[in-house]
Each structure stands twice: as structure tokens, then as C-alpha cells.
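Visitor: Predicted structure and sequence below. I'll ask about it afterward.
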Amino acid sequence: EPEVTQTPSHQVTQMGQEVILRCVPISNHLYFYWYRQILGQKVEFLVSFYNNEISEKSEIFDDQFSVERPDGSNFTLKIRSTKLEDSAMYFCASQERSGDGYTFGSGTRLTVV
Amino acid sequence: SQQGEEDPQALSIQEGENATMNCSYKTSINNLQWYRQNSGRGLVHLILIRSNEREKHSGRLRVTLDTSKKSSSLLITASRAADTASYFCATDAWGAQKLVFGQGTRLTINP
């Protein structure tokens, strides 16, 4: 069964450093998403991406965040200057058509120290 | 906020029993989806029910949707130890390109 692949599985970074979280969505999917889950809390929407542009973003997705689809396969989330409160599990998801179910990756656990 | 409550927050039952989890939401939806998450792992899509559907089955899963009450339930029949996980409902609202998740129900199946 097709999978969404995320790398790395775990990243530790120092406060103020930039991180790039990488995702390879399912190849024929058109809609891409980033979500995060702070430990013990619910899954929160960050951003959706379609047709090479952001469709929707949450209040969490401020100027320190950016997304990119640099080629036909990768979808990245960049956090420019990490804060302690950015520590969370970050999930990438893709969707073939609007209104379908999502396929989530297994996540990247980001720890900011 | 688009999303309401899930209940119970935690549920512990014996293997073989049925488990029922409930979800309420606040806005008009296109569809409602249920996901499972094993501890520290990713989200696995279980089932999607559209706003014009009232009930859907997939294996041991049964999902109902009552749009007049803005609520859904997930029933897992003949539970197994491997069903131990957190279960989340998520709503896909009309015109919104995102899912909004509930707080989840932590289900424990005791052997």
C-alpha cells in the first residue's frame, strides 16, 4: 500500500536553529498538509498546500514557518528559528482528491533544547 | 472552533467486548473521519463517512453520523488487544482545506 514517508524520524535541535522536516507524499496525490501534535495534546492543523501554493494556514503557522515543494516528490516544512514550544511530533499528510481520507506519515519528533 | 468533544477520554474494556466512542462537532461538515494512533506513532485512517450517509461499516468497525445532532460514534466489535490505541475523529468542513481533530479517546483492551 502506498505510504507517506517522513524524514528524519527524530530531530534534536538547539533553540534558534533552523530545521527542515521532509516528506514524500504519495505520488498521485494532489493535496498536502502539515499537522503537529504536542505531547499529550490533540493533533493541530498547520498548513495545506495545493497546486504549488498554500491553500489555508492556521494561526500557528506564522512567519517562522514555510513550506515548499521543490520538486515533483518532496514536500518540506521549514522552521526558521526554533523555539522550545515548537517541540512536537510533526505529521505530513497527503490526499488524492479534496474530500477524500488523508494518508499520514509516521511523523518527525522534533525536540528543541 | 469547529470541533467539539470526544467521549469518553479514556475507555478500558475486556478483550472480546465492544467499544463505543463518541464525537461531537460544531459546524457543517463535508465528511467526518476516524483515525487510530498507536502510542508515539502516526495516524492511520480507519473510515470516512460523508454528510449524506448515516452509517458505514468496515470489518469490525461501525460508524454512525447524525448531522442533526452534529455527532458521530465509532463502534469496534469483538475487541482485541491489538485495538489498544488512541482514536480520533476529525471533521472536514465545507470550504475548508483541512481536518480538525478532536481530543481523542484512549482505548485499552485488557486481555
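Guide: Looks like it came in fine.

Visitor: Now do the contacts for the most centrally placed residue in chain A.
Guide: Centroid check for chain A by Cα atoms, centre = their mean gives A:Trp34 as the closest residue, at 3.3 Å. Contacts for A:Trp34 were tallied using Cβ atoms under 8 Å, 6 or more residues apart in numbering or on different chains; they are A:21, A:23, A:46-47, A:67, A:77, A:90-93. In short, each C-beta sits where N, CA and C put it, glycine included.

Visitor: of these, list those near chain B.
Guide: A:91, A:93 (Cβ under 8 Å from any Cβ of the partner chain).

Visitor: Looking at the contacts of A:Trp34, which is nearest chain B?
Guide: A:Phe91 (6.4 Å; Cβ to the nearest Cβ).

Visitor: after the one helix or strand that closest one maps to comes which helix or strand?
Guide: Of the helices and strands defined by DSSP states H and E, A:Phe91 is found in strand A:88-95. Stepping forward along the backbone from strand A:88-95, the first helix or strand reached (DSSP H and E) is strand A:103-104.

Visitor: Quickly run through the sheet partners of that next one, with directions.
Guide: Each strand paired with strand A:103-104, and its direction, by DSSP bridges: strand A:88-95 (antiparallel).

Visitor: outside of the strand it pairs with, which residues touch it?
Guide: Everything outside strand A:88-95 that qualifies as a contact, by Cβ under 8 Å, 6+ apart, is A:4, A:6, A:21, A:23, A:25-26, A:29-39, A:43, A:46, A:75, A:77, A:101-105, A:107-110, B:40, B:42-43.

Visitor: Which of those are buried, as a ChimeraX select command?
Guide: Here is the ChimeraX command that picks out the buried ones among these, judged by 16 or more other Cβ atoms under 10 Å in any protein chain shown:
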select /A:4,6,21,23,25,26,29,31,32,33,34,35,36,37,43,46,75,77,101,102,103,104,105,107,108,109,110 /B:42,43
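
Visitor: Give me the subset of the contacts of strand A:88-95 lying in strands.
Guide: A:6, A:21, A:23, A:31-37, A:43, A:46, A:75, A:77, A:103-104, A:108-110, B:43 (DSSP state E).

Visitor: Grab the nearest non-local neighbour of the residue nearest to the centre of chain A.
Guide: Counting by Cβ to Cβ, 6 or more residues apart in numbering or on different chains, the nearest residue to A:Trp34 once its immediate chain neighbours are dropped is A:Leu46, at 4.3 Å.

Visitor: Do I have it right that that neighbour meets A:Lys57?
Guide: Yes. Distance between A:Leu46 and A:Lys57: 7.0 Å, which falls inside the contact criterion (Cβ atoms under 8 Å).

Visitor: first vs last residue of stretch A:11-31, how far apart are they?
Guide: 25 Å (Cα to Cα, to the nearest Å).

Visitor: should've said stretch B:63-76
Guide: Note: stretch B:63-76 ends 9 Å apart using Cα to Cα.
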